[in-house]
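**Student:** turn this into a model:
(one chain, ligands or ions: 1)
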Amino acid sequence: MTEKLLFEGIDEPGLATLPVYEQRGGYESLRKALAMTPEEVLKQLEASNLRGRGGAGFQMGKKVSFLPHGSIEKYLVCNADESEPGTFKDRELMQKNPHMLIEGLIVASYAAGATRSFIYIRGEYVQQADVLDAALREARSAGYIGEDILGSEHSLSLLVHRGAGAYICGEETGLLDSLEGKRGNPRLKPPFPANQGLYQGPTLINNVETLSTVPTIIRMGGEGYAKLGTEQSTGTKLVSVSGHVQRPGNYEVELGIPSREIIYGLAGGPDEGRTVKCWFPGGSSAPVLTADYHDVPYDFESLAKAGSMLGSGAIIVVDDTTPILDVALKTAKFYRHESCGKCTPCREGTNWTVHMLERIDRGEATPMDLEIMASVQDHIIGHCLCVLGDAMAMPIGSMIAKFKDEFEAHIETRRLEGPVPAGTVV
Ligand SMILES: Cc1cc2nc3c(=O)[nH]c(=O)nc-3n(C[C@H](O)[C@H](O)[C@H](O)COP(=O)(O)O)c2cc1C
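**Tutor:** Next comes the predicted model:
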């Protein structure tokens, strides 16, 4: 049974309010951190080996250490865009325990020397944004946010900024452009945000779950936290499980447990009589795995070794009743719709992939189209301005590789049925 860190007491009534959060020891980690120097706090973050929970899995402590030192104005931005299909963990954290995020954010800003901060939240999360605004008002009046926090020399402003519902605004540089009031397009990297981010200033960007983990790290000590999980994937992780399972939801697990325990043990597996055809281990951007991979430990390195990724920590289960063509079309259409269009491989690649899948569906394709479609995916990966294009090409490429026979059977069956008349919606 996983020790609950992020979800400890998550359903306690009133946890979203300051009095209940404080009764449970809330803001004690902030007091403890402010009694240390920023360098000592950074050491704890580094010792914890915490890897970012937003998708890329980059070590948080290392990212903080990349920020320049000195009196230059620095920013901290919390990525609360959570637009990756299948991912809904940050939503629960913000809704039920907003002060944990705020506390983590203040401690991180202290370690990074940042004095201005923002929570960029996706526009659809209206209720969660309202909860955060209310918690922020409480935190301000209690002296946790503002000038000379709790009598220290650290000051911090914090604003909740509501996005307008674009997946690309979850990509860190698209997010920064959007926060600056521009159209949310990704920027060329380098320079990375740690050097040149918001308003050209050094900026630390972290996901909601990453920042919400910071108070626990300070409480347990970095080394104590690192004892949980595996050597390279420390701690616990919230996993959103959706699709064909009997108990979809968010589960907190210690990293490294067999994936089977999440899919079957916690989420109940597919309905009786059905089997798992494939599953996305880390949101819809992750290459799919088949049921043969159920025993892969759920952690960053094991999933990468298995040919996929932990990503945002969202498992989507697809059962044997679903045609793989439908899964591929649904996935590709999402990315085509969300491509910002700034770079050619992504704009054209997502569009042509949808066209080719539709040709299969309409009975107009030949097996050669499958080869062309696979090569299009190879040409997208690694050639885009940001990884949105890769986020489509990786799962689609994996579906073609793992379900080639089924795609070929689709092509043959549809061909024998004859082309669908023009204008038919497929
Ligand atoms: C297209 C795209 C969408 C993304 N969406 C999100 C998102 O919704 N939330 C998030 O935290 N990170 C998202 N990311 C990852 C961020 O760019 C960035 O790596 C992350 O916010 C860093 O925080 P972390 O180190 O705490 O994980 C996205 C990346 C890409 C390429």
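
**Student:** where do the helices sit along the stretch 1-150 of the chain?
**Tutor:** 18-23, 28-34, 38-48, 60-65, 89-96, 98-112, 126-141 (DSSP state H, counting those that start in this stretch).

**Student:** name the element the residue lying closest to residue 341 once chain neighbours are set aside belongs to?
**Tutor:** Once flanking residues are discounted, residue 341 sits nearest to residue 347: 4.5 Å by CB to CB, 6 or more residues apart in numbering. Just so you know, the C-beta spots here come from the backbone N, C-alpha and C atoms, and that holds for glycine as well. Residue 347 belongs to helix 344-362 when assigned by DSSP states H and E.

**Student:** now the worst-scoring helix or strand of the chain on mean pLDDT - C-alpha only, PDB.
**Tutor:** In the chain, no helix or strand scores lower on mean pLDDT, DSSP states H and E than helix 404-417, which sits at a mean of 91. The C-alpha coordinates for helix 404-417 follow below in PDB (Å, rounded to 0.1, in the frame of the first residue of the first chain):
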ATOM      1  CA  LYS A 404       0.000  -3.500 -38.600                       C
ATOM      2  CA  ASP A 405      -2.100  -6.600 -39.200                       C
ATOM      3  CA  GLU A 406      -5.200  -4.900 -38.000                       C
ATOM      4  CA  PHE A 407      -4.600  -1.800 -40.100                       C
ATOM      5  CA  GLU A 408      -4.000  -4.000 -43.200                       C
ATOM      6  CA  ALA A 409      -7.200  -5.900 -42.400                       C
ATOM      7  CA  HIS A 410      -9.100  -2.600 -42.200                       C
ATOM      8  CA  ILE A 411      -7.600  -1.500 -45.500                       C
ATOM      9  CA  GLU A 412      -8.700  -4.800 -47.100                       C
ATOM     10  CA  THR A 413     -12.200  -5.000 -45.600                       C
ATOM     11  CA  ARG A 414     -12.900  -1.300 -46.500                       C
ATOM     12  CA  ARG A 415     -11.600  -1.900 -50.000                       C
ATOM     13  CA  LEU A 416     -13.900  -4.900 -50.500                       C
ATOM     14  CA  GLU A 417     -16.800  -2.900 -49.100                       C
END
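
**Student:** now do it against helix 344-362, angle only.
**Tutor:** 50 degrees (axes from the mean of the first three to the mean of the last three CA atoms, to 10 degrees).

**Student:** sorry, back to before: just name the most buried of the helices of the stretch 1-150 of the chain.
**Tutor:** Compared across the helices of the stretch 1-150 of the chain, helix 98-112 shows the largest average neighbour count, a mean of 27 (mean count of other CB atoms under 10 Å).

**Student:** work out the gap between that one and the centre of the chain.
**Tutor:** Offset of helix 98-112 from its chain centre (CA atoms, centre = their mean, to the nearest Å): 19 Å.

**Student:** next one: stretch 264-278
**Tutor:** Worked out by CA atoms, centre = their mean, stretch 264-278 lies 24 Å from the chain centre.

**Student:** what's it in contact with?
**Tutor:** 241, 244-249, 251, 253, 263, 288-291, 294, 315, 317-322, 324, 327, 399, 402-403 (CB atoms under 8 Å, 6 or more residues apart in numbering).

**Student:** what's the mean pLDDT across the helix holding residue 347?
**Tutor:** Averaged over helix 344-362, pLDDT sits at 96.

**Student:** same question for stretch 84-104.
**Tutor:** Per-residue scores along stretch 84-104 average to 98.

**Student:** okay, how far is it across that stretch, tip to tip?
**Tutor:** 23 Å (CA to CA, to the nearest Å).

**Student:** thinking again about what came up before, same list, the helices of the stretch 1-150 of the chain, but as TSV with distance to residue 196 please.
**Tutor:** Converted to TSV, the helices of the stretch 1-150 of the chain look like this (distance: least, CB to CB, whole Å):
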stretch	distance to residue 196
helix 18-23	35
helix 28-34	27
helix 38-48	21
helix 60-65	14
helix 89-96	26
helix 98-112	15
helix 126-141	27
